[in-house]
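A.B. asks: okay, predicted coordinates and the sequence, questions at the end:
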Amino acid sequence: MYRYLFGPVPSRRLGISLGIDLVPMKTCTLNCIYCECGKTTDLSLTRREYVLFEAVKAEFIHYRANNPKPDYITFSGSGEPTLNSRIGDVLHFIKSRSEKIPVAVLTNGTLLFDQQVRNDIKTADVVMPSLDAATSTAFKKVNLPHPRLGIESVIDGLCRFRRQYRGQIWLEVFIIPGLNDIPMELQALKTAIEKIAPDRIQLNTLDRPGTVASIRAATPEELKNILALWNLPNAEIIAKAPERKKVLSFRKDIESAILETIVRRPCTLADLKNILGLHVNEINKYLDVLEADGKIRVVKQQRGFFYQL
Ligand code: SF4
């Protein structure tokens, strides 16, 4: 069992992706209301070696010696990976050992105003930042940022990174109806996106419950309307959960383990993590599919969202 590596998980955007989590659960610069991993417990802008470089290195060496090649290696997880001050060293080590496996960094992009962060991740093949708002009002409503984080510096950091970085930037925009899809917000987002000039723009919406019960997913029509309004040639909607089953690494045994656990009693995501010993991101991928197939449902209770048959 690895502590910092997880999966490989079937990823909607990357195929079979081996995840590397460089920060403790919910250590983040944001506290997004749609976060699938729950509320942020350590809201911070401080970079440090949250997970030791040597520990990740040892797990990676062991993994590669004992497992087939994944499609991608992805820095992601249940917090913001660029908060780890050794991400550059981990990336460098993996690139030197990973026999041309492309490396992706999933980031909320909020620390890219820092030249050191931009340097640290510049050898990744794909950087996938998110940007859900371009006004301070929507940023505070959707992303509940660290108090010292302003949306202007986030957008400026993304623009600076674009100028410096030679790889692919796939910008994810998470739509929460009523919060960041009103005409003024969409126009501000479009202006920011055009300035950043990512290679791809990927519209996403809720698959799993967020941290706030009142929000809902955008419908396919709503997402299509935004694409039509923006009229950006490289914008697309991210594939939905059922299609994830087609990914080769979808493992029936994990699906069965989740079902066998919640048949005994309804569980939260944290319960499933503790019982099954799997990373929350890995569990979430399977919950998406089980819910889309109508095999489970989610119920809000006092202790959070519970999954049950
Ligand atoms: S969605 Fe990502 S950026 Fe937002 S709180 Fe969760 S881990 Fe942090």
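C.D. replies: That came through, no problem. Numbers count the residues shown, from 1 in each chain.
A.B. asks: do stretch 165-185 and the ligand meet?
C.D. replies: No: using CB under 6 Å from any ligand atom, stretch 165-185 stays clear of the ligand, with a minimum separation of 7.8 Å. (C-beta placed from N, C-alpha, C; glycine too.)
A.B. asks: and that stretch, how far apart are its ends?
C.D. replies: In stretch 165-185, first residue to last residue: 27 Å (CA to CA, to the nearest Å).
A.B. asks: use 57 as the first number for this chain going forward.
C.D. replies: Taking 57 as the first residue, the last one we looked at is stretch 221-241.
A.B. asks: show me what counts as buried in that stretch.
C.D. replies: 221, 223, 225-233, 235-237, 241 (16 or more other CB atoms under 10 Å).
A.B. asks: identify the bridge partners of the residue of the stretch 207-356 of the chain found nearest the ligand.
C.D. replies: Residue nearest to the ligand within the stretch 207-356 of the chain: Phe230 (7.8 Å; CB to the nearest ligand atom). Going by DSSP bridges, Phe230 is paired in beta bridges with Asn260.
A.B. asks: get me the contact residues on the stretch 157-306 of the chain for the ligand.
C.D. replies: Those residues of the stretch 157-306 of the chain that sit near the ligand, judged by CB under 6 Å from any ligand atom, are Asn164.
A.B. asks: which parts of this structure are strands?
C.D. replies: Remark: strands assigned in the chain by DSSP state E are 61-67, 71-76, 83-84, 98-99, 128-131, 159-163, 182-185, 224-230, 256-260, 291-293, 353-357, 360-364.
A.B. asks: same list (the ones you listed) but as JSON lines, adding mean pLDDT.
C.D. replies: Shown next, in JSON lines, are these (pLDDT from 0 to 100):
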{"stretch": "strand 61-67", "mean pLDDT": "79"}
{"stretch": "strand 71-76", "mean pLDDT": "86"}
{"stretch": "strand 83-84", "mean pLDDT": "97"}
{"stretch": "strand 98-99", "mean pLDDT": "97"}
{"stretch": "strand 128-131", "mean pLDDT": "94"}
{"stretch": "strand 159-163", "mean pLDDT": "97"}
{"stretch": "strand 182-185", "mean pLDDT": "98"}
{"stretch": "strand 224-230", "mean pLDDT": "97"}
{"stretch": "strand 256-260", "mean pLDDT": "96"}
{"stretch": "strand 291-293", "mean pLDDT": "96"}
{"stretch": "strand 353-357", "mean pLDDT": "81"}
{"stretch": "strand 360-364", "mean pLDDT": "84"}
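A.B. asks: you'd agree the residue of the stretch 207-356 of the chain closest to the ligand is up against Cys91?
C.D. replies: No: in this structure, Phe230 is not within contact of Cys91 by CB atoms under 8 Å, at 9.8 Å.
A.B. asks: so how far is Ala313 from the residue located most distally from the centre of the chain?
C.D. replies: Using CA atoms, centre = their mean, the residue of the chain lying farthest from its centre is Arg320. It sits 29.9 Å away. Distance from Arg320 to Ala313, counting by CB to CB, to the nearest Å: 12 Å.
A.B. asks: likewise for Arg216?
C.D. replies: As for Arg216, its distance to Ala313 is 44 Å (criterion: CB to CB).
A.B. asks: next: Phe149.
C.D. replies: Remark: distance between Phe149 and Ala313 (CB to CB) = 32 Å.
A.B. asks: Gly266 too?
C.D. replies: From Gly266 across to Ala313, the span is 25 Å (CB to CB).
A.B. asks: more neighbours, these two?
C.D. replies: Neighbour tally, Gly266 and Ala313, criterion other CB atoms under 10 Å: the higher count belongs to Gly266, 22 against 17.
A.B. asks: which residues touch that one?
C.D. replies: Residues counted as contacts of Gly266 (CB atoms under 8 Å, 6 or more residues apart in numbering) are 88-92.
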